[in-house]
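**Q** Sequence and predicted structure below; questions after.
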Protein chains: 4
Amino acid sequence: MDTMEMMKSMSMGSMPEGMAMDMDMMQECIMSMNACQMASMMCAGQDMMMADMEKCTAMCMDMADMCQAGMGMMMRPAGYDMAAMMAMLQACMAMGAACMAECEMHAGMSECCRYCAMACKDMMMKCEAMMASMSMA
Amino acid sequence: MDTMEMMKSMSMGSMPEGMAMDMDMMQECIMSMNACQMASMMCAGQDMMMADMEKCTAMCMDMADMCQAGMGMMMRPAGYDMAAMMAMLQACMAMGAACMAECEMHAGMSECCRYCAMACKDMMMKCEAMMASMSMA
Amino acid sequence: MDTMEMMKSMSMGSMPEGMAMDMDMMQECIMSMNACQMASMMCAGQDMMMADMEKCTAMCMDMADMCQAGMGMMMRPAGYDMAAMMAMLQACMAMGAACMAECEMHAGMSECCRYCAMACKDMMMKCEAMMASMSMA
Amino acid sequence: MDTMEMMKSMSMGSMPEGMAMDMDMMQECIMSMNACQMASMMCAGQDMMMADMEKCTAMCMDMADMCQAGMGMMMRPAGYDMAAMMAMLQACMAMGAACMAECEMHAGMSECCRYCAMACKDMMMKCEAMMASMSMA
């Protein structure tokens, strides 16, 4: 059994009034944030050993922290709140856009950057899909 | 010397083009996020020992994680990005509104909730002030 | 390409004097800590919606935080320090033992607890293998 | 009211059998870990903008993560476990020793490093005092 399978057994408790979410999309969003967090932590750890990579180091760490906050919020159904969830997804997407753009500039010389840019892009797509699936009843 | 004093010695490096920030406001925002993170971690730790407090537990943990992400972003000047910073502040304010509302409901019976609600409110005000101080040149 | 593959491209920089590590073992340890962190965050999020599960909620959150600290340390080769690494691995193993024991008590009624106990156990084994591979020259 | 005052209202629930702790010492330990986390996050954010400071950057981030894990464990009384608590304190002290030594090397040229070294030292002392206060009944 792996993490994704496990997640299917998650109970969502009772959703807040007016909040609807596609659980499959949320699970894919969590998994993508996890991959993005791992990629950006790894990337930051490598960047700091290279010259002139402080912007990439900082952005990758920011990205990792935002993913941690995002995963936490999605994995705690008891606290689901529509406005907070939306704003968190927006923040992850904005950070993802900035981190991806920075990492792409170094993708030719650094495998970590190349991978991190891909992971950011996937995470942004999953956030967008999840936002689209959320709706006020 | 305390943390706030120390922060005054922080170098901001070179700001990204078009980004201006009031450093005093940012430092106050960091300190307020730190107080909010401490309050919400403490509150979550207490909530989980009480019956029917799962919503408060979850929201306080979400709040703490968002503050961690927010402080990290502000403390790493090399990665400053206007859009990501704005979206992060918005997410902290949205989470703060939800967490404050929940904690206020228990403020009469729990000192931790009362304090956490106050900390959320202060943090939201500091985020708002900081956002107002940011401007595209 | 997945995270594990990516990790093979990580550069370790120059190891501190007297520190030797088996990189494959460290990568497996990172992956296991990640699975453990995901499992324990998920478990905590579910526990708090059940009555009388505050001990499990708290321990799972402690476990998740320790895994985060452990992964971070391993993913930042520039800061490798023998004594700190050993102590961190010990702390992860001690927390893993406590969290596994607690989760096993609820494994019959909660899929999340059952999975989390397994993830703790695997993480503890990977930490132990990594410690055994570390040696002073 | 400040965080330290607030903490005095924390309920410890029922301590695990055989575990005794001096609550004042634990509260001071939490406050010191918080100061240490803030100092090390700030220090890492500054280090990465300087050349040849990757070891300091990495160690400060490791330090911040360990403090986060330590504070979390202490702020969640429902999960108190003697062995895990001891091992966590040991890990914070080991990381503190490494981070302090590194920061002290740059204390002359960097206010952040000077402050971080002081914060590490204080945290180590508070961890040691807390460990000494813990005892098996």
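**A** Happy to help now that I have it.

**Q** how far away is the residue of chain A most remote from its centre from chain D?
**A** Checked against the mean C-alpha position of chain A, the extreme residue using CA atoms, centre = their mean is residue A:51, at a distance of 27.2 Å. Applying CB to the nearest CB, to the nearest Å, the value for residue A:51 to chain D is 7 Å. Where you see a C-beta, it was placed from the backbone N, CA and C, and this is true even at glycine.

**Q** my guess is that residue contacts residue D:51, does it?
**A** Yes. Counting by CB atoms under 8 Å, residue A:51 touches residue D:51, with 7.0 Å between them.

**Q** Please name the residues that touch the residue farthest from the centre of chain A.
**A** Applying CB atoms under 8 Å, 6 or more residues apart in numbering or on different chains to residue A:51 gives the contacts residue D:51.

**Q** Same question for it, what's its three-state structure.
**A** Secondary structure assignment for residue A:51 (DSSP: H, G, I helix; E, B strand; the rest coil): coil.

**Q** Need the phi and psi values for it.
**A** Backbone torsions for residue A:51, taken as degrees, to the nearest 10, come to phi -70, psi 150.

**Q** Quick check: the gap between it and residue A:92.
**A** When CB to CB, to the nearest Å is the yardstick, residue A:51 and residue A:92 sit 29 Å from each other.

**Q** who touches stretch A:105-112?
**A** Where contact means CB under 8 Å, 6+ apart, the residues beyond stretch A:105-112 that reach it are A:39, A:42-43, A:46-47, A:50, A:53, A:56, A:113-114, A:117, C:6, C:9-10.

**Q** quick one: the helices in chain A?
**A** Under the criterion DSSP state H, chain A contains helices at A:3-7, A:23-47, A:54-74, A:82-105, A:111-133.

**Q** near chain D, which residues of chain A show up?
**A** A:45, A:48, A:49, A:51, A:54, A:57, A:58, A:61 (CB under 8 Å from any CB of the partner chain).

**Q** how many neighbours does residue A:133 have?
**A** Other residues lying near residue A:133 total 15 when counted by other CB atoms under 10 Å in any protein chain shown.

**Q** What sits closest to it if chain neighbours are left out?
**A** residue A:22 (3.8 Å; CB to CB, 6 or more residues apart in numbering or on different chains).

**Q** what's the pLDDT at that neighbour?
**A** Residue-level confidence at residue A:22 comes out at 85, pLDDT.

**Q** Count the residues that sit near it.
**A** For residue A:22, which is what you asked about, the neighbour count (other CB under 10 Å) is 15.

**Q** same deal with the one 5 residues further on?
**A** Applying other CB under 10 Å, we find 20 other residues in the vicinity of residue A:27.

**Q** Quickly note the distance from it to chain B.
**A** In this structure, residue A:27 and chain B are 18 Å apart, going by CB to the nearest CB.

**Q** got the contact list for the residue lying closest to that residue once chain neighbours are set aside?
**A** Of all residues not flanking residue A:27 in the chain, residue A:7 sits nearest, at 4.7 Å (CB to CB, 6+ apart). Going by CB under 8 Å, 6+ apart, residue A:7 touches A:27, A:30, A:31, C:42.

**Q** Repeat that for residue A:95.
**A** Under the criterion of CB under 8 Å, 6+ apart, the contact partners of residue A:95 comprise A:59, A:62, A:63, A:66, B:73, B:81, B:84, B:87, B:88.

**Q** I'd like the distance between it and residue B:79.
**A** The gap separating residue A:95 from residue B:79 is 9 Å, by CB to CB.

**Q** what does residue A:125 give?
**A** 22 Å.

**Q** okay, the two: which has more neighbours?
**A** Residue environment comparison for residue A:125 versus residue B:79 gives the larger neighbour count to residue B:79, 29 against 15, counting by other CB under 10 Å.

**Q** Could you pull up the contacting residues of that one?
**A** Contact analysis of residue B:79 by CB under 8 Å, 6+ apart lists A:54, A:55, A:57, A:58, A:59, A:61, A:62, A:98, B:73.

**Q** again, only this time at 7 Å
**A** A:55, A:58, A:59, A:62 (CB atoms under 7 Å, 6 or more residues apart in numbering or on different chains).

**Q** burial measure for residue A:4, as a count.
**A** Look at residue A:4: counted by other CB under 10 Å, it has 13 neighbours.

**Q** before we move on, back to that, point out the most buried one among the helices of chain A.
**A** Between the helices of chain A, the one whose residues have the most neighbours on average, counting mean count of other CB atoms under 10 Å in any protein chain shown, is helix A:54-74 (a mean of 28).

**Q** Could you check how far the residue lying closest to residue A:128 once chain neighbours are set aside is from residue A:99?
**A** Residue nearest to residue A:128 in three dimensions, not counting chain neighbours: residue A:93, with 6.8 Å by CB to CB, 6+ apart. As defined by CB to CB, residue A:93 lies at a distance of 11 Å from residue A:99.

**Q** Give the residues shared as contacts by these two.
**A** Taking CB under 7 Å, 6+ apart as the contact rule, residue A:93 and residue A:99 touch no residue in common.

**Q** Before we move on, what's the pLDDT of the residue most central in space within chain A?
**A** Centroid-nearest residue in chain A, with CA atoms, centre = their mean: residue A:33, separated by 3.0 Å. The confidence metric pLDDT takes the value 98 at residue A:33.

**Q** gap between stretch A:27-46 and the chain center?
**A** Here stretch A:27-46 is found 7 Å from its chain centre; the criterion is CA atoms, centre = their mean, to the nearest Å.

**Q** Stretch A:66-80 now?
**A** 11 Å.

**Q** same check, this time on stretch A:41-56
**A** Between the centre of stretch A:41-56 and the centre of its chain there are 19 Å (CA atoms, centre = their mean).

**Q** same question, stretch A:97-104
**A** Worked out by CA atoms, centre = their mean, stretch A:97-104 lies 14 Å from the chain centre.

**Q** touching chain C at all, it?
**A** No. Where contact is defined by CB under 7 Å from any CB of the partner chain, no part of stretch A:97-104 touches chain C; the two come within 12.7 Å at best.

**Q** same question for that stretch, mean pLDDT?
**A** Summarised as a single mean, pLDDT over stretch A:97-104 is 98.

**Q** Just the CA atoms of it, as CSV, please.
**A** C-alpha atoms of stretch A:97-104 as CSV (Å, rounded to 0.1, in the frame of the first residue of the first chain):
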residue,chain,number,x,y,z
ALA,A,97,5.1,30.5,-10.8
ALA,A,98,8.0,32.5,-9.3
CYS,A,99,10.0,29.4,-8.3
MET,A,100,9.4,27.7,-11.6
ALA,A,101,10.5,30.7,-13.6
GLU,A,102,13.7,31.0,-11.5
CYS,A,103,14.5,27.2,-11.7
GLU,A,104,13.9,27.1,-15.4
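
**Q** how about that stretch against chain B, any contact?
**A** Yes. Under the criterion of CB under 7 Å from any CB, stretch A:97-104 makes contact with chain B via residue A:98.

**Q** Check stretch A:32-42 too.
**A** No. Judged by CB under 7 Å from any CB, stretch A:32-42 stays clear of chain B, getting no closer than 11.2 Å.
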